[in-house]
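Asker: I'd like to go over a predicted model; first the sequence, then the structure.
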Amino acid sequence: MITKKQYQHVLELQNQLDNSKYDINNDLRTNKPDGDQVNKIIYKDPKDLKNDYQRANATFFTLARNDDLFNLAATVRSVEDRFNHQFHYDWVFFNNEPFSQEFQRQINNLCSGNVKFEIIPKEFWAYPYWVDKDKAKQVRIDSRSKMPYGASENYRFMCRFFSGFYHKLEVLQKYDYAWRAEPETTLHCDINYDVFKFMINNDKHYGFTISVYEFPNTVTSLWKTVTKFIEMYPQFINPNNLLGFVSGDEGRTYNLCHFWTNFEIVDLNFLRSEAYETYFNFLDQSNGFFYERWGDAPVHSIAVSLFLSKDQVHYFNDIGYYHKPMSNCPIDDNLWKENNCLCDQKQDVTFRPFSCTDKYYELTKTNKPEKWREHAGPMEMKGNQRE
Ligand SMILES: Nc1nc2c(ncn2[C@@H]2O[C@H](COP(=O)(O)OP(=O)(O)OP(=O)(O)O)[C@@H](O)[C@H]2O)c(=O)[nH]1
Ligand SMILES: [Mg+2]
């Protein structure tokens, strides 16, 4: 179970939400109109791409609302400047509503690869037929003050969509790998190699930058459900798994660790595998997405830890990354310098008590950077480290 200190961090994170554009229940704080909404797909002609580099079968993907436009524009700019201007990977944007024309115009202008704007099919953003909607509503009312986004219906649809459906979208079928990017996130450092090819060539199927502890009352019955799944389907458990990342007692309880999925680079075929599909359906049928508030981060992370081998999971110590209120900022001075990082190494969260990445290092017997102990103590969390 989590320590007092880690729980303190959870409370601090909740406070950070007060500064967000959306309130704790995912309602927009202002009533800005959406503008012209059109259901139009804009393509860049591949012939316009500036070089004939042989890309991997991969894409960026982002779920966003029209109101996320300028927060997302900053993210896209950052990803293009730090990485994609060299490689021109595609980028697929999803919304549960039509993207406005202005959204498409602005974002299309920033991307250097092919761009697609897609609406999520209704059935991927909805209740399955077996959910009692009245009960789900009551849960939302009861959890309003108990957890971030506790009262939000859309937040639950979003978590279920990322847990079980995005890899099934028609537009993603032709891709093998996807890099998830979110509005309001930033890349701190240059990335001068093809990250997708790195994953493929090194047999990596899941990549992350930050890992943290989940809010305990969002996942009350998740581990109990996972335990039942493991009993029923032992054949899916990888003998060289990373179980120790999510459980400190050989599977008896969940330690709340998860990869922070707002950044993830994932082999879509892993999510399309029989193991993952069976796992997601099993979880979905137990209703935790709606009767609790299961996040896609614990759901993905538990699957990654159980079904993949340790060596197939990669921590990107070199990808400087920020999502409020945390940074992955290379503490290795050479990496930091070589990659022109713009981040405060003192703010790196990797070895802090509220991060789980140290467990990953231990379990995979990865060498820690020289100065890791200097960065292992408690730290002051800033709401927005760019301010
Ligand atoms: N289209 C759409 N996108 C959404 C909705 N809710 C969340 N998202 C997107 O889903 C992703 C995750 O949502 P966030 O609100 O950032 O969730 P979070 O990262 O858990 O919470 P924060 O700490 O507040 O960032 C982001 O890319 C959002 O833009 C929604 O109702 N509709
Ligand atoms: Mg976010």
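Answerer: On my side now, so go ahead. In this text, all values refer to a predicted model and were calculated from it rather than measured experimentally. Ligands and ions are numbered 1, 2, ... in the order given.
Asker: ok and the residue in the stretch 201-350 of the chain nearest ligand 2?
Answerer: Residue nearest to ligand 2 within the stretch 201-350 of the chain: Asn262 (4.8 Å; C-beta to the ion). To be clear about C-beta, it is placed using only N, CA and C from the backbone, and glycine gets the same treatment.
Asker: interface residues of the stretch 201-350 of the chain facing ligand 1?
Answerer: Proximity of the stretch 201-350 of the chain to ligand 1, by C-beta under 6 Å from any ligand atom, involves residues Asn262.
Asker: residues of the stretch 201-350 of the chain that sit close to ligand 2?
Answerer: Asn262 (C-beta under 5 Å from the ion).
Asker: leaving aside the residues adjacent along the chain, what's closest to the residue in the stretch 201-350 of the chain positioned nearest to ligand 1?
Answerer: Per C-beta to the nearest ligand atom, Asn262 is where the stretch 201-350 of the chain lies closest to ligand 1, at 4.9 Å. Ranked by C-beta to C-beta, 6 or more residues apart in numbering and with sequence neighbours excluded, the top spatial neighbour of Asn262 is Glu182, at 4.4 Å.
Asker: that neighbour belongs to a strand?
Answerer: No. Counting by DSSP: H, G, I helix; E, B strand; the rest coil, Glu182 falls outside a strand, being coil.
Asker: how close does it get to Phe162?
Answerer: The gap separating Glu182 from Phe162 is 11 Å, by C-beta to C-beta, to the nearest Å.
Asker: got any residues that touch both of these two?
Answerer: Both Glu182 and Phe162 are in contact with Leu63, where contact means C-beta atoms under 8 Å, 6 or more residues apart in numbering.
Asker: neighbour-wise, which of these two wins?
Answerer: With neighbours defined as other C-beta atoms under 10 Å, Glu182 and Phe162 compare such that Phe162 has more, 21 against 16.
Asker: just give the closest residue to the more buried one, not the sequence neighbours.
Answerer: Asp296 (3.5 Å).
Asker: same question, Ala275
Answerer: Using C-beta to C-beta, 6+ apart, the nearest residue to Ala275 is Phe236, at 3.8 Å.
Asker: next: Asn202.
Answerer: His314 (7.4 Å).
Asker: sorry, back to before: for the residue of the stretch 201-350 of the chain closest to ligand 1, give me the pLDDT.
Answerer: pLDDT, Asn262: 98.
Asker: that one: which element?
Answerer: Counting by DSSP states H and E, no helix or strand carries Asn262.
Asker: from memory it sits against Arg180, does it?
Answerer: Yes. Between Asn262 and Arg180 there is a contact under C-beta atoms under 8 Å: 7.0 Å.
Asker: so where do the strands sit in the stretch 201-350 of the chain?
Answerer: 206-208, 211-213, 257-259, 264-267, 313-315, 321-323, 326-328 (DSSP state E, counting those that start in this stretch).
Asker: give the buried residues for the second one.
Answerer: Counting neighbours by 16 or more other C-beta atoms under 10 Å, one finds that the buried residues in strand 211-213 are Ser211, Val212, Tyr213.
Asker: likewise for the longest one?
Answerer: Burial within strand 264-267, assessed by neighbour count using 16+ other C-beta under 10 Å, is assigned to Glu264, Ile265, Val266, Asp267.
Asker: for that strand, which helices and strands make contact with it?
Answerer: Helices and strands touching strand 264-267, by 3 or more C-beta pairs under 8 Å, 6 or more residues apart in numbering; DSSP states H and E, are strand 177-180, helix 195-201, strand 206-208.
Asker: how about these in JSON lines, adding mean pLDDT and mean neighbour count?
Answerer: As requested, those are exported to JSON lines (pLDDT from 0 to 100; neighbours: other C-beta atoms under 10 Å):
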{"stretch": "strand 177-180", "mean pLDDT": "98", "mean neighbour count": "22"}
{"stretch": "helix 195-201", "mean pLDDT": "98", "mean neighbour count": "18"}
{"stretch": "strand 206-208", "mean pLDDT": "98", "mean neighbour count": "24"}
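Asker: okay if I get those as CSV plus distance to Gln345?
Answerer: CSV is the format used below for those (distance: least, C-beta to C-beta, whole Å):
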stretch, distance to Gln345
strand 177-180, 24
helix 195-201, 22
strand 206-208, 19
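Asker: in the stretch 51-200 of the chain, which residue sits closest to ligand 2?
Answerer: For the stretch 51-200 of the chain, C-beta to the ion, closest residue to ligand 2: Glu182, 4.9 Å.
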